[in-house]
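Chemist: Sequence and predicted structure below; questions after.
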Amino acid sequence: MATTSLAKRPVVVSGPSGTGKSTLLQRLFANHPQTFGFSVSHTTRTPRAGEVDGVNYHFVTREKFSSMVTQHEFIEWAEFSKNFYGTSIQAVKDVMQQDKMCILDIDMQGVQSVKKTDLNARFVFIAPPSTQVLEERLRGRGTETEASLQLRLETAQKELAYAEQPGAHDKIIVNDDLDTAYQQLEDFIFRNV
Ligand SMILES: Nc1ncnc2c1ncn2[C@@H]1O[C@H](COP(=O)(O)OP(=O)(O)OP(=O)(O)O)[C@@H](O)[C@H]1O
């Protein structure tokens, strides 16, 4: 679909946990506050005070959520603390309709799921300089137990193997020096190089 302009095509950012996706995206959003839009997730949890349906979340019943799962309406969904959360294909299209670029920070399954949709997305993979550096960053972040760290490193191996397959992503950025990686991300997002 070459007719969709670059500015409207969703960008899927993936990469192992701890590789620096959030760090890079925070900088991107801070530098370009008007460019990007965020997809509104669905959830089965009850709204908290002040939360607005369709703004903070699309608040839906478990029945509605289940039917959306059956109809393959979600890019990804998960259960946390007995509630379901998901990102729908339509929520990404809503962002495009507002003339904003939607960035999806999702895992390998999410990448494969987006590829099955008609979203015409672009895919960028953020790779660590090495698995050793990845481990150091995860330890340095101080958010992981030893068990969760090992799980993340195991998952990282699978993600790196997938990323090596030709055509898996449009662009691979090695996040070694942060400023260099950030520049490469901007080049890809705004100039598709
Ligand atoms: N280029 C870099 N050089 C050194 N440290 C970095 C670099 N990029 C990110 N970091 C650090 O590595 C750690 C992990 O980064 P971050 O939390 O952004 O990863 P992430 O990919 O978003 O992880 P997750 O998927 O678990 O949310 C953070 O402490 C961050 O400050």
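Modeler: Perfect, I can see it now. Numbering: from 1, shown residues only.
Chemist: going forward, measure contacts and count neighbours with C-alpha atoms only.
Modeler: Noted.
Chemist: And residue 65, which helix or strand is it part of?
Modeler: helix 62-70 (DSSP states H and E).
Chemist: So which residues make contact with that helix?
Modeler: If you take CA atoms under 8 Å, 6 or more residues apart in numbering as the criterion, helix 62-70 is touched by 42-44, 74, 84.
Chemist: What about those, which are in strands?
Modeler: Of these, the ones assigned to strands by DSSP state E are 42-43, 74, 84.
Chemist: tell me, which of those make contact with the ligand?
Modeler: Of the residues in the ones in strands among the contacts of helix 62-70, proximity to the ligand by CA under 6 Å from any ligand atom holds for none.
Chemist: Just the buried ones from those residues?
Modeler: 42-43, 74, 84 (16 or more other CA atoms under 10 Å).
Chemist: so how far is the ligand from residue 46?
Modeler: 25 Å (CA to the nearest ligand atom, to the nearest Å).
Chemist: picking up where we left off before, which among the contacts of helix 62-70 gets closest to residue 96?
Modeler: residue 74 (16.6 Å; CA to CA).
Chemist: pLDDT score for the residue lying closest to that closest one once chain neighbours are set aside?
Modeler: Spatial nearest neighbour of residue 74, chain neighbours left out: residue 88 (4.1 Å); criterion: CA to CA, 6 or more residues apart in numbering. At residue 88, the model reports a pLDDT of 98.
Chemist: My guess is residue 88 contacts residue 42. True?
Modeler: Yes: the pair residue 88 and residue 42 qualifies as a contact (CA atoms under 8 Å) at a distance of 7.3 Å.
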